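J.: Output the structure for:
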Amino acid sequence: MTILAFKETFVMNAQAAVLQNEITPVGGDYETVRRVIERISVDFRDQPSLETLAGEVGETPSGLQKLFTRWAGLSPKGFLQAVTLNHARRLLDQGMPLLDASLEVGMSGPGRLHDLFVSHEAMSPGDYKTRGAGLTIRYGFHLSPFGVALIMVTERGLAGLSFNDAGDERAAFADMSGRWPNAGYVEDMGATAPYAARIFDPARWRADQPLQVVMIGTDFQVRVWRALLEIPMGRARSYSAIATGIGAPTASRAVGAAVGANPLSFVVPCHRAVGKSGALTGYHWGLTRKRAILGWEAGQLAAG
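T.: Predicted coordinates:
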C-alpha cells in the first residue's frame, strides 16, 4: 500500500465512522490515531514498537491495535512497514546504493528475524561433470510472492528454484534443465509442493527442521553459493567482499559469474550480492524481481 493510498483509506474510514456514529467523530479516537500516524511518518527510522506508540498516546497496546485498525484499515505495524518500504523504494529509485538505503531506513542493526535455516550438501565434482547423468529431478510450478516459481528436487533435497512470469514456464524449464541436461525429469507437484510451502512462509523457517538443499555445481561455484548463505537478511555484500571471504580476492569477476549461475534463487540469496559501490546490479531473473525480493525481506524485518 502506498502512503497516498493509505491516507485516502484513512480519510474514507474516518468519514464512514462519523456518518455511522460508530466511534467518536471528533477528539479522542481521531486525535489518537492522527498522533500515531504522525509519529510513525516522522520517526519510522526508529521503528517504534506498538508498546512505545501506545504509551505515548495513553493507550494499552491491545487497545491501540484495535482502535488504529478500526480507523485506518491496517495495524500500526502494517502502517510502519508501508512507510518504511515506501521510503526505501523511493531511495532505490533515485539511485541510492542498497547499503546506504538500508542505513537510511533504519535497517542496519542485527536482523530481528533469522533467515532461512538451510542444511546443505554438494554433489561431488565427478557427479557434476556427468551433467546430471543418473539423477532424477522432480519439478513443479507454484505461485510465489515473486511470480511463478519453478522448484526442482532430488531425493537429497531442493536442487533448483527459479522464477518466471506466467506464460513463460517452458522457457524457465529449458533454462533450468539445461544446467543438468543428462538428468531425468519428472513433473511431480506432489513432491515439490511441500518445498514451496516452506520456502515462502517465514513461520516455517526453523533451525530444528532445516531445509535440505543439494548444490550441483563446480567446486568454485559451490564455495561462492555457500558464502551467499552467510549473508544475513537485510544485509548485502559486494562481489569483491565475497571473493575475499572465500580466499580468492582477485576473483571478483569469477564470483559474479558464479552468483549469476546460482540455481537456487532466494534460498541461496544471490539477490544480496551487489556492486562494489553498493549499487544493485543484474539478476538472472530480472532486476525488478531482485528489488521485489529485497523489499519483501525488508518488510519481514520490519514486521519481526
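
J.: all contacts plus neighbour counts: C-alpha atoms, from now on.
T.: Fine.

J.: thought I246 was touching R223?
T.: Yes: between I246 and R223 there is a contact under CA atoms under 8 Å: 6.9 Å.

J.: Name the residues contacting each of the two.
T.: Shared contacts of I246 and R223 (CA atoms under 8 Å, 6 or more residues apart in numbering): none.

J.: more crowded one of those two?
T.: Set I246 next to R223 and count neighbours by other CA atoms under 10 Å: R223 wins out with 19 against 15.

J.: Next one: the more buried one from P263, what distance?
T.: Remark: distance between R223 and P263 (CA to CA, to the nearest Å) = 14 Å.

J.: Measure how buried T218 is and give me the count.
T.: Count around T218 with other CA under 10 Å applied: 18.

J.: how near is it to S177?
T.: Taking CA to CA as the criterion, T218 is separated from S177 by 16 Å.

J.: And for M233?
T.: M233 is 29 Å from S177, by CA to CA.

J.: G132 is in what secondary structure piece?
T.: For G132, there is no helix or strand it lies in under DSSP states H and E.

J.: who touches it in this structure?
T.: With contacts taken as CA under 8 Å, 6+ apart, G132 has the following neighbours: 180-184.

J.: redo that, cut-off 10 Å
T.: G132 is in contact with 123, 177, 179-184, 216, counting by CA atoms under 10 Å, 6 or more residues apart in numbering.

J.: Hmm, A302 and Q47 touching each other?
T.: Yes: using CA atoms under 10 Å, Q47 is in contact with A302, at 7.5 Å.

J.: For these two, indicate the residue with more neighbours.
T.: Taking neighbours as other CA under 10 Å, Q47 and A302 compare with A302 leading, 22 against 18.

J.: Flag the shaky bits of the stretch 1-150 of the chain, pLDDT-wise.
T.: For the stretch 1-150 of the chain, the stretches with pLDDT under 70 are 1-27, 85-86, 88-128.

J.: any idea where the helices of it begin and end?
T.: For the stretch 1-150 of the chain, the helices defined by DSSP state H, counting those that start in this stretch cover 3-20, 28-43, 50-56, 61-72, 76-93, 98-104, 125-129.

J.: which residues are contacting the helix or strand hosting A257?
T.: Per DSSP H and E, A257 falls inside helix 252-260. Contact with helix 252-260 is made by 217-218, 220-225, 228, 238-244, 246, 248-249, 251, 261, 265, 268-276, 282-285, as judged by CA under 10 Å, 6+ apart.
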